[in-house]
Structures are given as C-alpha cells and as structure tokens.
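> 3D, please:
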Amino acid sequence: MKQTFLTIVSQQRIADNVMEMCLEGDTSGITASGQFVNIKVEGLFLRRPISVCDYTENSLTLVYKIVGEGTRLMAEYPAGTVLDVLTGLGNGYDTSLSGDAPLLIGGGVGVPPMYNLCKTLVAEGKHPTVVLGFNSKGDVFYEKEFEALGATVTVTTADGSYGVKGFVTDALPTTYSHFYCCGPEPMLKAVYRATSTSGQFSFEERMGCGFGACMGCSCKTITGYKRICKEGPVLQKEEILW
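Predicted coordinates for the structure are as follows:
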C-alpha cells in the first residue's frame, strides 16, 4: 500500500451513472491487474474503494458508478482536483495461470478491472475472449475499447436492448483455458456453477479501512476467513465455499 496524491486530468460520463476519471501522478504502488485504490472524499470519514481500470507508471484510469454520496461527490470533481489516494491495494489477478485462451467475464462495474487484465494478457501473447454483462443498452461501456485490444467481445443485456439477451452465463464460449471474473455476487455464483475450468473471482465488498485492519469484509474459504481487501479481492475458484 502506498499513499500518493493524484491529479484529475479529465472526467466524463460514459454510460448511465458511470464515470471515467483519468488521473496523473505516482502510480508505482500498483503492481497487478485487479488491484484497487482507496480515495479520500472531502467531508466523508471513510475512503471509497475503486477498482483500477488501467494504469501506467504515471497515469491511472478509474471507471466507477454513481451509487451513493461518495461517488456522487467524486463525479463533481473538475480537472485539476488533487486526490489523496491509497494505491496498490489487494492482490490482483495471476496471469501465469491463464493458458493461451483465457475467458474474461465482467458484469456492470465489474467490467473495469477486466480492461487492464485483458491488455496484460494480450501483451503476454494470449488470445482472450471477453463477455460483458449489463442490465440495458444505456449501461454498456468499453465494448470498443476491448475490441481495440484485439479481444473477441460479446455483450449481454438482461432486457435484450443490446447484444445477447440474458446474462453473462448465456454467452459463455464452449472452450477456454482459464477464466477471470468480476461483478456482483449473484453473477459470480452463477459463473461458478456454469464454468468448467479453474478460474479467479474478484469480489465487490463494502470496506471500512481497505487494507485489512478492520476485518469488515471477510469471506469464509476452505482455509478459513480471508479479508477481501487484503488477501483478496481475487480468490481462486477452488478455495471458495459455495
């Protein structure tokens, strides 16, 4: 974990209640796809955990949904605002397990961490397939960005207003070497039942501290309780008790 101060370069709405925030500054604390940052929001006691969408050594892209007071305030920050950010939180994804044809599954705000993961896998010479799930057409984002990386992309919407009608489990390919998944827990459970290989799940949890001190985001596994913010947010399929 590293505390740093990042400056907002730009911020824009990219879907219904979904914002893309681009920042610059020292991001050396981030070392793996799937990690998250914890942002101090002026006037609020608890920091807001946001998954990393993309990063370089001096830039950071966050994509988040406006769901409460903290994210509402964040969405109002103009370019030039300096944020107090804890970076490099969580364990991130292990790409050494991916095989040659990994499957990436993202649902809603579980889509952003898939982007840098996809970029990393492509750079490693892998050929990822990406399935993105949303409620409706107005919620869809980053389809073209994944395609630009060279991935095969399928979009599903629950109401059928765009792409495949249904859920991500209705669009899974028949063959893949390993899977990576992030989204709401009902989706994770459905993917757990529908997949045939080993895989990695990234959990979305409410967090108090964000770095393992409060035990507020613990999850029971085959080896005991693990903190989603510290030992997670990524857990292996085989260790999850479902």
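> have a look at the chain and report its longest helix.
When the chain is parsed with DSSP state H, its longest helix is helix 112-123.
> average model confidence for that helix?
Mean per-residue pLDDT for helix 112-123: 98.
> kindly export that helix (C-alpha atoms) in PDB.
C-alpha atoms of helix 112-123 as PDB (Å, rounded to 0.1, in the frame of the first residue of the first chain):
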ATOM      1  CA  PRO A 112     -13.300  -2.000 -15.400                       C
ATOM      2  CA  PRO A 113     -10.700  -4.300 -13.800                       C
ATOM      3  CA  MET A 114     -11.000  -6.700 -16.800                       C
ATOM      4  CA  TYR A 115      -9.600  -4.000 -19.100                       C
ATOM      5  CA  ASN A 116      -6.000  -3.800 -17.800                       C
ATOM      6  CA  LEU A 117      -6.100  -7.600 -17.300                       C
ATOM      7  CA  CYS A 118      -7.100  -8.000 -21.000                       C
ATOM      8  CA  LYS A 119      -4.300  -5.600 -22.100                       C
ATOM      9  CA  THR A 120      -1.800  -7.600 -20.000                       C
ATOM     10  CA  LEU A 121      -2.800 -10.900 -21.300                       C
ATOM     11  CA  VAL A 122      -2.600  -9.700 -24.900                       C
ATOM     12  CA  ALA A 123       0.900  -8.300 -24.200                       C
END
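> ok, and what's touching that helix?
33-34, 36, 51-55, 62-64, 93, 95, 98, 102, 104-106, 128, 130, 132, 142, 145-146, 149-151, 180, 182, 202 (CB atoms under 8 Å, 6 or more residues apart in numbering). Backbone N, C-alpha and C define where each C-beta goes, glycine included.
> just the buried members of the residues you listed?
33-34, 36, 51-55, 62-64, 93, 95, 98, 102, 104-106, 128, 130, 132, 142, 145-146, 149, 151, 180, 182, 202 (16 or more other CB atoms under 10 Å).
> count the neighbours of the nearest residue to residue 101 once chain neighbours are set aside for me.
The shortest distance from residue 101 to any non-neighbouring residue, by CB to CB, 6 or more residues apart in numbering, is to residue 177 (4.6 Å). If you count neighbours by other CB atoms under 10 Å, residue 177 ends up with 16.
> got a list of what residue 177 touches?
Contacts of residue 177 (CB under 8 Å, 6+ apart): 98-103, 197.
> for residue 135, same thing?
Counting by CB under 8 Å, 6+ apart, residue 135 has contacts 108, 157-159.
> returning to what we had before: can you check what angle separates the helix or strand just after the longest helix of the chain from helix 112-123?
Of the helices and strands lying after helix 112-123 in sequence (DSSP states H and E), the nearest is strand 129-134. Interaxial angle, strand 129-134 versus helix 112-123 (axes from the mean of the first three to the mean of the last three CA atoms, to 10 degrees): 170 degrees.
> mind giving me the packing neighbours of strand 129-134?
In terms of contacts (3 or more CB pairs under 8 Å, 6 or more residues apart in numbering; DSSP states H and E), strand 129-134 is packed against strand 102-107, helix 112-123, helix 143-148, strand 152-157.
> hmm, try it at 6 Å
On a contact count with 3 or more CB pairs under 6 Å, 6 or more residues apart in numbering; DSSP states H and E, strand 129-134 meets strand 102-107, strand 152-157.
> before I go, just wanted to say thanks for your time.
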